[in-house]
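> Sequence and predicted structure, then a few things I'm wondering about:
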Amino acid sequence: MRKYLSYLLTLTLLLACQKEPLQEFQFSGETLILFYTCGHDNGLDRNITGNLNEILEGSLPSIDSQSEVVLFLQHANGSAPRLLRLGAGQGGKNTSREIHPEEMRSWDKNSVSISSDTLAQVLNYISRQYTARHNYLVLSSHGTGWLPAGTYDASSAYTYKENTFGQDLQGGRVVYEMGIRQMAGRLPMHFDAILFDACLMGGIEVAYEFRDKCRIMGFSPTEILAHGMYYQTMCSHLLAGDVLSVAQDYMKYYRNRSGLRSATYTLVDCGRLDGLADACRTIFTGHREEMETIQPALIQGYFREDHPWYFDLRDVAVHLQATDGELDALDKALGQAVLFADHTDYFLGLKLENCCGLSTYLPACGNRSLNTYYRPYKWNQDTQYLE
């Protein structure tokens, strides 16, 4: 099952009791974590509810803390999107408290939480209400990387709106997906880390599009199993500024669990992607002829079935016949930019062995329409991958 979304930010909080909101207070503290999820009519409702329960089983700050805030936006089946503050209540037991921002009072079960307009509305509210030194954003839903809407599993039965991150089926006919470029352009603040709990988001195109929006990006180049990431320890790690342990716990969980043991995860330092772009541009522009004859079947892929749009970035360079010097420069750039990359030996039958942790599009597996869509991405503009 494809899973796509999870998050870190700056915020103030409008506290609420059962029906009537309490007076709004201005938050100016150390850390804010926002989990932005969508399980509405996309098959992930129970899984995301389970993730919320896992967070509540872990260590959380006081629900009234003036220095640490944990927020969870949930859109479940049959209900309107709701924004929750999570934390330890009286007696130390973890609980949730619903917040009622003015912007959300008109929302109902048919509101499209996966729209970039809605995301911007929520984040703009948070940026006005909360000022934190450290902001984290965790996005959880379905995902298909940089692809245009409806490309991954296109069906004539549906109309597709926006593209690639998240999924919300409205009225049985319209599928909403949040576009990467639209999404990056609507983020009103900078994040210490943005973590995707969504399938196939671990592409260089995604990281590069967000490089000015966060210091660290976390994502999976393969799909993610429906359960998603390991949430029980996530808040305690992020509150300590330890993003690495979030990724390590995720991989440890899937290696040790009963049942399916399939996972990949990568952390990227977005401030060090320029060197990677320089190394790739040298290879891409110097091996145009090899681009025409490259054999996709020989390259490490991160996809299953008939979805050939996610290949290992370094292995693409190898099969473009990059020189030893070019590969040395590429390896140096990857070593600086990729903070963590790990994978199980297989992902649901897909063998993983030549993996740098970042996927990329391969034009040989695309078409004129996909190539046209790909050209405006910042990664392509800076590397001249496609002329």
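Yep, that arrived.
> Centroid-nearest residue for this structure?
residue 196 (2.2 Å; Cα atoms, centre = their mean).
> Secondary structure element for that one, which one?
Assigned by DSSP states H and E, residue 196 falls within strand 191-198.
> ok, now residue 64?
In the assignment (DSSP H and E), residue 64 maps to no helix and no strand.
> List phi and psi for the residue of the chain most remote from its centre.
Distance to the chain centre peaks in the chain at residue 91, reaching 34.6 Å (criterion: Cα atoms, centre = their mean). The phi/psi pair for residue 91 (degrees, to the nearest 10) reads phi 80, psi 0.
> do residue 313 as well
According to degrees, to the nearest 10, residue 313 has phi -60, psi -50.
> For this protein, give me the ranges with low pLDDT.
1-28, 114, 154-177 (pLDDT under 70).
> any idea where the helices of it begin and end?
45-57, 116-129, 180-186, 204-209, 234-239, 243-256, 273-286, 288-293, 313-319, 324-337, 368-374, 378-383 (DSSP state H).
> Quick check: which of these is nearest to residue 349?
helix 243-256 (15.1 Å; Cβ to Cβ). For every residue, glycine as well, the C-beta is placed using N, CA and C.
> same for the closest one, what does it pack against?
If you count contacts as 3 or more Cβ pairs under 8 Å, 6 or more residues apart in numbering; DSSP states H and E, helix 243-256 packs onto strand 191-198, strand 214-219, helix 234-239, strand 264-269, strand 338-343.
> List every C-alpha atom in the last one, with coordinates, as CSV.
Read that as strand 338-343. Extracted in CSV, the C-alpha atoms of strand 338-343 (Å, rounded to 0.1, in the frame of the first residue of the first chain):
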residue,chain,number,x,y,z
VAL,A,338,23.3,12.2,2.4
LEU,A,339,23.4,12.1,6.2
PHE,A,340,21.8,8.7,6.5
ALA,A,341,20.7,6.0,4.0
ASP,A,342,19.6,2.5,4.9
HIS,A,343,17.5,-0.2,3.5
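> Looks like residue 32 contacts residue 66 (just checking).
No: counting by Cβ atoms under 8 Å, residue 66 is not a contact partner of residue 32; they are 11.9 Å apart.
> Looking at the two, which has the bigger crowd around it?
Between residue 32 and residue 66, counted using other Cβ atoms under 10 Å, the more crowded position is residue 32 (34 against 13).
> Name the nearest residue to the more buried one, ignoring sequence neighbours.
Nearest non-adjacent residue to residue 32, counting by Cβ to Cβ, 6 or more residues apart in numbering: residue 132, 3.9 Å away.
> gap between that neighbour and residue 326?
42 Å (Cβ to Cβ, to the nearest Å).
> Please say which of these two ends up with more neighbours.
More crowded of residue 132 and residue 326, by other Cβ under 10 Å: residue 132, with 25 against 18.
> Touching, the more buried one and residue 71? I think so.
No: at 11.0 Å, residue 132 does not count as touching residue 71 under the criterion of Cβ under 8 Å.
> Can you tell me who the residue nearest to the centre of the chain pairs with across the strands?
Following DSSP bridges, residue 196 is listed with bridge partners residue 6, residue 139.
> Using the record's domain definitions, break this structure down for me.
The chain is divided into the following domains under automatic domain parsing: 4-271, 272-383.
> any idea which of those domains is most buried?
Counting by mean count of other Cβ atoms under 10 Å, domain 4-271 has the highest mean neighbour count of the domains of the chain, with a mean of 21.
> Show me how far that domain is from its chain's centre.
8 Å (Cα atoms, centre = their mean, to the nearest Å).
> So that it lines up with my notes, have the first residue be 43 from now on.
Let's use 43 as the start, then, which means that last one is domain 46-313.
> how much space between residue 344 and residue 337?
17 Å.
> wait, I meant residue 398
19 Å.
> do the same with residue 412
For residue 412, the distance to residue 337 - Cβ to Cβ - is 19 Å.
> What of residue 176?
Counting by Cβ to Cβ, the gap from residue 176 to residue 337 is 45 Å.
> and what of residue 76?
43 Å.
> Please name the residues that touch residue 313.
253, 257 (Cβ atoms under 8 Å, 6 or more residues apart in numbering).
> ok, back up a step: in terms of secondary structure, what does the strand holding residue 238 contact?
Partner elements for strand 233-240 (3+ Cβ pairs under 8 Å, 6+ apart): strand 46-50, strand 172-183, strand 207-212, strand 256-261, helix 285-298.
> Now do that strand against strand 306-311, angle only.
Interaxial angle, strand 233-240 versus strand 306-311 (axes from the mean of the first three to the mean of the last three Cα atoms, to 10 degrees): 160 degrees.
> Put the alpha carbons of strand 233-240 into CSV.
Provided in CSV are the C-alpha atoms of strand 233-240 (Å, rounded to 0.1, in the frame of the first residue of the first chain):
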residue,chain,number,x,y,z
PHE,A,233,11.9,24.0,9.1
ASP,A,234,14.7,22.2,10.9
ALA,A,235,13.4,19.0,9.3
ILE,A,236,10.6,17.9,7.0
LEU,A,237,9.9,14.2,7.2
PHE,A,238,7.8,12.3,4.7
ASP,A,239,5.9,9.2,5.8
ALA,A,240,4.7,8.6,2.2
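> Between strand 172-183 and it, find me the angle.
Using the same axes, to 10 degrees: strand 233-240 against strand 172-183 is 20 degrees.
> dump the residue contacts of the closest residue to residue 162 other than its chain neighbours.
Leaving aside its chain neighbours, residue 162 sits nearest to residue 228 (3.9 Å; criterion: Cβ to Cβ, 6+ apart). Residues counted as contacts of residue 228 (Cβ under 8 Å, 6+ apart) are 158, 159, 161, 162, 165.
> Just give me the closest of the residues you listed to residue 117.
Once Cβ to Cβ is applied, the member of the contacts of residue 228 that ends up nearest residue 117 is residue 161, at 11.5 Å.
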